[in-house]
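Peer 1: Sequence first, then the predicted structure:
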Amino acid sequence: MKTHILSKMALTVILGVGILNAAQAYSPDPWARQIIAACLILEASDQGERGMIAVANVMNNRAGGNPSRIYREVKKPYAFTSLNAASAGRTGNRGYAGHVTRASRDPNWKIALRVVDRMYAGTLGDLTQGATHYSLVNEHVSWMRSMRLTVVIGSHKFLRKS
């Protein structure tokens with residue numbers, strides 16, 4: 001009689017038990033979570049939860065769907081207008097603290113934190129159809145020429161490379 005040793009992965013597939021995906025296996029530290037939520041608030045709180053989800057979709061799309069890269073994308077200089085002062089180093093040793101303090105006073109703060117959590121859990125559907133950029137609907141700038149409009153949500157238009 002032959003004895004077969006199955007790997008945990010094979011057993012999981014055979015039994016139909018779910019495997020954690022990369023998004024479920026990674027979560028940001030509390031400060032990174034707050035900075036990302038602050039960005040959602042400062043960029044789209046006036047657009048409500050749907051608008052903040054769309055901005056989170058852009059963050060995730062820029063990170064290539066890799067949750068460990070989202071925070072890095074958010075902190076890139078000039079990546080998100082509302083964080084430009086901090087991401088470009090113009091806030092001195094205060095860094096992102098002022099942004100987080102201001103955003104945490106917004107009535108949508110708890111919603112923004114939940115959106116961040118859902119993004120990292122991999123349960124946020126992509127409302128933007130793969131958009132990596134967005135702008136105000138009435139704004140037309142040169143970098144948009146190589147982009148394709150995917151959707152308009154509130155007062156933002158979402159775009160991706162053609």
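Peer 2: Nice, thanks for sending it over.

Peer 1: so where is the protein shaky, pLDDT-wise?
Peer 2: For the chain, applying pLDDT under 70 flags the ranges 1-25.

Peer 1: one more time with 90
Peer 2: Scanning the chain for pLDDT under 90 picks out the ranges 1-27, 92-93, 162.

Peer 1: just the helices in it please.
Peer 2: In the chain, the helices defined using DSSP state H lie at 8-15, 22-25, 30-44, 48-62, 67-75, 84-87, 97-104, 109-121.

Peer 1: what's the closest of those helices to residue 153?
Peer 2: Across these, residue 153 has its closest neighbour in helix 48-62 (4.7 Å, Cβ to Cβ). For the C-beta atoms, the positions are set from N, CA and C on the backbone; glycine is no exception.

Peer 1: now what about the closest one, what contacts it?
Peer 2: Defining contact as Cβ atoms under 8 Å, 6 or more residues apart in numbering, one finds that helix 48-62 is touched by 36, 39-41, 43-45, 47, 67, 70, 73-74, 79-80, 108, 111-112, 115-116, 118-119, 124-128, 130-134, 151, 153-154, 156, 158, 160.

Peer 1: can you tell me how far residue 43 sits from residue 109?
Peer 2: 14 Å (Cβ to Cβ, to the nearest Å).

Peer 1: Run a quick neighbour tally on the residue nearest to residue 97 when sequence neighbours are not counted.
Peer 2: Excluding its sequence neighbours, the residue lying closest to residue 97 (Cβ to Cβ, 6 or more residues apart in numbering) is residue 91, at 7.8 Å. Residue 91 is flanked by 16 other residues according to other Cβ atoms under 10 Å.

Peer 1: cool, and residue 153?
Peer 2: Residue crowding around residue 153 was assessed by other Cβ under 10 Å; the count is 22.

Peer 1: Over to residue 36?
Peer 2: 28.

Peer 1: Now for it: which residues touch it?
Peer 2: With Cβ under 8 Å, 6+ apart, residue 36 has these contacts: 28, 56, 59, 70-71, 74, 116, 119.

Peer 1: before we move on, the earlier item: are any of the contacts of helix 48-62 buried, and if so which?
Peer 2: The neighbour-count test (16 or more other Cβ atoms under 10 Å) marks 36, 39-41, 43-45, 47, 67, 70, 73-74, 79-80, 108, 111-112, 115-116, 119, 124, 126-128, 131-134, 151, 153, 156, 158, 160 as buried among these.

Peer 1: for the residue lying closest to residue 88 once chain neighbours are set aside, what are its contacts?
Peer 2: Nearest non-adjacent residue to residue 88, counting by Cβ to Cβ, 6+ apart: residue 77, 4.9 Å away. Counting by Cβ under 8 Å, 6+ apart, residue 77 makes contact with 84, 87-89.

Peer 1: Many thanks, I have nothing further to ask.
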